[in-house]
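Asks: With the input below, show me the fold.
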Amino acid sequence: MSFCDTIWQELAPLRRAILDQPFLAELADGSLAPESFRHYMLQDSLYLAEYARALAIASARAPTAAGRLEFSDGAKVAVQVEQALHQAFFAKFEVTPEMAQQAEPTPVCLGYTSYLLSLAATRSYEELIAGILPCFWVYWEVGCDIKPRATSPNPYAPWIDTYADPGFGEATARVRALVDEAAASATPATRAAMATAFRNATRYEWMFWDSAYRRETWPV
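Replies: Below you'll find the predicted structure:
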């Protein structure tokens, strides 16, 4: 099996835990508390701004033209999602510009973005893109899982539609291919480090939704 298929299968229990999140179950049936979704959107906006930086660094470090184009396009899309989808939801869920400007990253948001940027700054290109991939792949799996069972009408339908869109699945497949390509020529030690980066980023995905559901803030 390829690197991506192997690590994806290994993390099946963690992926199941993500799909079983109360946040996502209630988002699917439309019962998620607006306060939890508002918390999520504010934190996701902060996350995507830093994720776009990690993608831009991956583009600069990519050894192939395909990699440079894919990750630069991904950085652009991350900014566009923040500006379009989030602004629409900000208006719908009564998030004012002042609230957005004053939002502070939670421990989970700061931990996740700092981890990705530490990969970008101190680790190999291969580890960086392995850490970038879960944000694509996990969201694609979540979107595809929720879409068939989502209630209609649903206040969260635009979010569901975004991540169940075939175009997002195609982007995910392209990033997967780049990760597999990098892993194929990497040393065993580098592949092990890539697996660690992918695993840690996937853990952060679980933590991100969990913290939003609980509306986590700094404890002190």
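
Asks: helix/strand/coil for A75?
Replies: Using DSSP: H, G, I helix; E, B strand; the rest coil, the structure places A75 in helix.

Asks: Any stretches of the protein with poor pLDDT?
Replies: Scanning the chain for pLDDT under 70 picks out 82-83, 85-86.

Asks: Okay, the residue nearest the centre of the chain and E94: tell me how far apart.
Replies: Centroid check for the chain by CA atoms, centre = their mean gives C135 as the closest residue, at 2.6 Å. Distance, C135 to E94, using CB to CB, to the nearest Å: 27 Å. (C-beta placed from N, C-alpha, C; glycine too.)

Asks: ditto for A60
Replies: From A60 to E94 the distance is 39 Å (CB to CB).

Asks: Kindly report the same for V142.
Replies: As judged by CB to CB, V142 and E94 stand 25 Å apart.

Asks: These two - which one has more neighbours?
Replies: The residue with more neighbours, out of V142 and E94, is V142; 22 against 9, by other CB atoms under 10 Å.

Asks: Hmm, T162 and that one touching each other?
Replies: No: using CB atoms under 8 Å, V142 is not in contact with T162; the gap is 10.9 Å.

Asks: Spatially, what comes nearest to the residue nearest to the centre of the chain if we skip its sequence neighbours?
Replies: The spatial neighbour of C135 that comes closest, neighbours along the chain excluded (CB to CB, 6 or more residues apart in numbering), is Y51 at 6.4 Å.

Asks: Sticking with the one you found, tell me its helix or strand.
Replies: helix 34-61 (DSSP states H and E).

Asks: May I see the buried residues of that helix?
Replies: Residues of helix 34-61 classed as buried: 36-48, 50-59, 61 (neighbour count, 16 or more other CB atoms under 10 Å).

Asks: Can you give me the neighbour number for R68?
Replies: 15.

Asks: and L27, how many neighbours?
Replies: Residues near L27, counting by other CB under 10 Å, number 24.

Asks: And for E205?
Replies: E205: 20 surrounding residues under other CB under 10 Å.

Asks: does it really touch L133, like I thought?
Replies: No: counting by CB under 8 Å, E205 stays clear of L133, with 11.0 Å between them.

Asks: How about whichever strand or helix holds A183, which residues are buried there?
Replies: Assessed by DSSP H and E, A183 sits inside helix 166-184. Within helix 166-184, the residues that count as buried by 16+ other CB under 10 Å are 168-169, 171-172, 174-176, 178-179, 181-183.

Asks: Off-centre distance for the helix or strand just after that helix?
Replies: Following helix 166-184 in sequence order, the next helix or strand is helix 188-214 (DSSP H and E). Chain-centre distance of helix 188-214: 10 Å, with CA atoms, centre = their mean, to the nearest Å.

Asks: Identify the residues contacting the nearest residue to N154 once chain neighbours are set aside.
Replies: Leaving aside its chain neighbours, N154 sits nearest to G30 (4.4 Å; criterion: CB to CB, 6+ apart). Residues near G30 by CB atoms under 8 Å, 6 or more residues apart in numbering: 150-151, 153-156.
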